[in-house]
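Visitor: 3D, please:
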Amino acid sequence: MTHPILEGIKCIVFDIDDTLYLERDYAKSGFEVVGEWVDRELRIGGFSEVAWQIFEAGTRQTIFNEALDALDINYDLDMIKKMVQIYRSHEPQIELLPDAADRLNQLAAHPANFQLAALTGGPLVCQKAKVRALELEETLNPIVYAQQWGPEFDKPHARAFEEIEKLTGFSGAECVYLADNPHKDFIAPTQLGWRTVRVRRQGGLHEAQPNITPVDLTLSMLSDLI
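Guide: Residues are numbered from 1 along each chain as shown. Below is the predicted model of the structure:
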């Protein structure tokens, strides 16, 4: 039995980060790869553990700087850029959350009911690596990357949502978007007449943040959808 939010819906569009997997797992995977580089190039261990502690404390924009400071490592802007490049280009060790895997498999088993798609923001190289790691191309089509036209078209810009409508042939009233970020995920789909579902997962990076744009439904797990 499907949730009433899906009545009249033809296309279910998923965000990826903290909707299908936990983004903190991607961060941990990236810190480990950068830590291996620090260990190999500088002969200093423990970087990934320190970076993870800083992440867990709530820091987001200066984690590498603070970890290097904590380890008493001299660095410059070029080193930070190199570490960011390693982090963003690594092949992540991440997995679909069990409820997400179950629901995607269940929905994909009945393709006549819904078209399943994905719309994700963030650096293109990172998001494509996540799609590969999660093997999403087997169940979701199309997969639209909001930054494929440049960073200025990332969410909350409407272009990626309009691209979903163009590629699937469905109108906004026939689409629903499931995502996690209250600051940027629901503005454009609401303006285009989509239904919106906030996935507020335990451990999600935006779990504690209040709604900015009203949503039609809030869930803690995708198993609540069907």
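Visitor: What is the lengthiest helix in the chain packed up against?
Guide: Taking DSSP state H as the criterion, the chain has its longest helix at helix 23-42. The helices and strands touching helix 23-42, judged by 3 or more CB pairs under 8 Å, 6 or more residues apart in numbering; DSSP states H and E, are helix 47-56, helix 77-89. Where you see a C-beta, it was placed from the backbone N, CA and C, and this is true even at glycine.
Visitor: Out of those helices, the one nearest residue 69 is which?
Guide: Nearest to residue 69 among those is helix 47-56; the distance by CB to CB comes to 9.5 Å.
Visitor: what does that closest one contact?
Guide: Helix 47-56 is contacted by residues 24, 27-28, 31-32, 34-36, 38-39, 63-64, 66-68, 70-71 when judged by CB atoms under 8 Å, 6 or more residues apart in numbering.
Visitor: Out of these, which end up buried?
Guide: For the contacts of helix 47-56, a burial check counting by 16 or more other CB atoms under 10 Å picks out 24, 27-28, 31-32, 34-35, 38, 63-64, 66-68, 71.
Visitor: For residue 105, state which of those is nearest.
Guide: Nearest to residue 105 among the buried ones among the contacts of helix 47-56, counting by CB to CB, is residue 24 at 23.9 Å.
Visitor: residues in contact with the closest one?
Guide: Contact analysis of residue 24 by CB under 8 Å, 6+ apart lists 55, 203, 205.
Visitor: Nothing else from me, thank you.
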